[in-house]
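Quick one, structure for this:
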Amino acid sequence: MLSAPTRTSPPLDQRNALKPALLDSLSTYSASQFAADAGAGVIVGIVALPLAIAFAIASGVTPERGLATAIIAGFLISAFGGTRTQIGGPTGAFVVIVAGIVELHGIDGLLIATFMAGAMLVLFGVLRAGAVIRFVPQPLVVGFTSGIAVLILSSQLRDALGLQLAQVPTDFVEKLHALWQHRETASLPAVGVTLATLAILLAWPRVPGALARRVPGPFVALVVVTGAVALLDMNVDTIGSRFGEMPHGLPLPSVPSVSWSTIQSLVAPAFTIALLAAIESLLSAVVADGMTGDRHRSNMELVAQGIANMAAPLFGGIPATGAIARTATNIKSGGRTPIAGLVHAVVLLAILLVAGPLATRIPMAALAGILIIVAYHMSEWRTFRAYLRTPVSDVAVLVITFLLTVIVDLTVALQVGMVLAAFLFMHRMSRVTNVQAITGGATQGNGIDGADSALDSIALPVGVALYEIDGPFFFGAAERFKETISTVGNRPRALILRLRRVPVIDATAISLLRDLAKRCKREGTLLLLLELHSQPLVALERAGFVSELGEDHVVATLDDALARVAQNTVL
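Predicted coordinates for the structure are as follows:
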């Protein structure tokens, strides 16, 4: 473990938001750093090998597509990314959505959706949406991540138990029912391989010495279990028996056939892929920052993720993003620049070229064991349990997103979760905003913290109504504004709206002010806006409201407002 964040080069310059981190790293690069990066790249490449194969198979595609993704996308994410230590490739977050797309639209549909998602990610980065995406509520992220973990676990039960089931339903409830119906076909050798894999994965980190830190547990499990299965001639399913021979290299780039109707049907799943890739890659970047003391460029990271997801499907690849576990392994192994990620991709390519055919001997039950551990770590069950003690609104987002992910669909879960979180946020913000009447230093209503010396010393003239808005003046506070303003007495000669505590204003609030201005004009009431901040003032000017109302109706101080009232009375 790292005892403290360490950094071997200056932090990334945030002003160059679309500059790859690789360029910064090369300016201060050294031979010693290359040695550290190369060592870390080799280790991460070995870690990525079984995961790339396992994620591809769990997603319903052939294993070489996972390797192609790890090689192509992993290289491009490191080359163009905004994080020095990010390792990219296929991850468990995409397993469910990829499997669903393949079932409905086939492999070509998946490749097109992945390319579309890549284009969306590039657009996100160019539009500087990196900071906005990080505002996705954590209960939403934990909800669908935990749901994905449950789905991954359920998808591995057939291979983990060796059940003789030709086709596993994709629906969660139907899948469990089908697996239970075929429970008597369980294979003792397959169960033994699964348990052996789990035992090695759990025990390996506890092995004393440097070997356990340098050699990844999943790689050890695959080598030991695959060798034992071959030596004992065990009758279990392998990659070769299910998918045939592995290729000796990357396929040539090709473009799938596409139609406008196909593109339309893939917009929603493509957006889900893009959102998942953006969230997971930026979360991984934040974790990397915490471990190294660095600062990533979120927008450049999104652009790199987009480039990778546009390039990978040309080689038959699946969606990719920043992988938190592999990124952390890279950092713990000494990787500090994108060179480590480039080396990791080269190592995977070398393994594919030299030892690709050997992968056909890997038992499916061993991959299932690896994915069971992945699902366990993805579940974040401790965090899930902790969020159940948070406010009811957050619990609702968490539980609804989780249940929709498991029972319905990940795309629906994200859409409903985002909308629900947005509505709950707007409800909270609307409760923050207060609209209240002030008479001679006293407030009528909820009250505003802090006394106003100007109002304490100045008595309002008869027939002058003063109202103060405290908080964001947006559509969520519209109803409260209308209810409070409706209490204004019959035709006051002046109505002053004090906006000193309004940081922002939106189109709905401007429309309400227009309606109020029309009412005041109809009733012969002078409407004045007092102490406007820059954003509300600019918004009102752009909307043409200031010119409609009259620039002399916007005043800076209460004294100016009362003087304007007196002038209007004389006129």
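
Which of the three states applies to Pro503?
Three-state call for Pro503 (DSSP: H, G, I helix; E, B strand; the rest coil): coil.

residues in contact with it?
Pro472, His533, Gln535, Pro536 (CB atoms under 8 Å, 6 or more residues apart in numbering). Yep, even glycine has a C-beta here, placed from its N, CA and C like the rest.

What residue, apart from its backbone neighbours, is nearest the third one spatially?
Which is Gln535. Once flanking residues are discounted, Gln535 sits nearest to Val504: 5.3 Å by CB to CB, 6 or more residues apart in numbering.

Give the full set of residues in contact with the one you found.
Contacts of Val504 (CB under 8 Å, 6+ apart): Pro472, Phe473, Phe474, Gln535, Pro536, Ala539.

What strand or helix carries the fifth one?
For Pro536, the host element (DSSP states H and E) is helix 534-542.

now that helix, how far from the centre of its chain.
Remark: helix 534-542 is offset 32 Å from the chain centroid, using CA atoms, centre = their mean, to the nearest Å.

Number the chain from 338, please
Renumbered: residue one is now 338, and that last one reads helix 871-879.

circling back: filter the contacts of Val841 down to the buried ones.
Taking 16 or more other CB atoms under 10 Å as the criterion, what is buried in the contacts of Val841 is Pro809, Phe810, Phe811, Pro873, Ala876.

Mind picking the lowest-pLDDT entry from the residues you listed?
Among those, Phe811 carries the lowest pLDDT, at 82.

Tell me the pLDDT of the closest residue to that one other than its chain neighbours.
Closest residue to Phe811 apart from its sequence neighbours, by CB to CB, 6+ apart: Asp843 at 4.3 Å. pLDDT for Asp843: 89.

repeat for Thr522
On the pLDDT scale, Thr522 gets 93.

Quick check: it vs Lys512, distance?
Thr522 sits 15 Å away from Lys512, going by CB to CB, to the nearest Å.

quick one: which of the two has more around it?
Under the criterion of other CB atoms under 10 Å, the comparison of Thr522 against Lys512 puts Lys512 first, with 18 against 13.

what about the more buried one, which helix or strand?
Going by DSSP H and E, Lys512 is part of helix 509-518.

elements contacting the helix or strand encompassing Gly678?
Here Gly678 sits within helix 675-692, counting by DSSP H and E. Helix 675-692 sits against helix 358-363, helix 368-395, helix 400-417, helix 661-669, with contacts defined as 3 or more CB pairs under 8 Å, 6 or more residues apart in numbering; DSSP states H and E.

redo that, cut-off 6 Å
helix 368-395, helix 400-417 (3 or more CB pairs under 6 Å, 6 or more residues apart in numbering; DSSP states H and E).

Mind telling me which of those the model trusts least?
Across the helices and strands packed on helix 675-692, helix 368-395 has the smallest mean pLDDT, namely a mean of 91.

looking at this protein, which helix or strand does the model trust least?
The weakest-scoring helix or strand in the chain, judged by mean pLDDT, DSSP states H and E, is strand 779-781 (a mean of 45).

contacting residues for Ala605?
Contacts were defined as CB atoms under 6 Å, 6 or more residues apart in numbering; by that measure Ala605 touches Thr748.

Can you give me the buried ones in the one helix or strand it maps to?
Of the helices and strands defined by DSSP H and E, Ala605 is found in helix 597-629. For helix 597-629, the neighbour count (16+ other CB under 10 Å) marks 599, 602-603, 606-622, 624-626, 628-629 as buried.

same check, this time on stretch 501-521
Residues Leu502, Val505, Thr507, Phe509, Lys512, Ala515, Leu516 are the ones in stretch 501-521 that count as buried (16+ other CB under 10 Å).

Looking at those residues, point me to the pair that's furthest apart.
Using CB to CB, these reach their maximum pairwise distance at Leu502 and Phe509, which is 15.4 Å.
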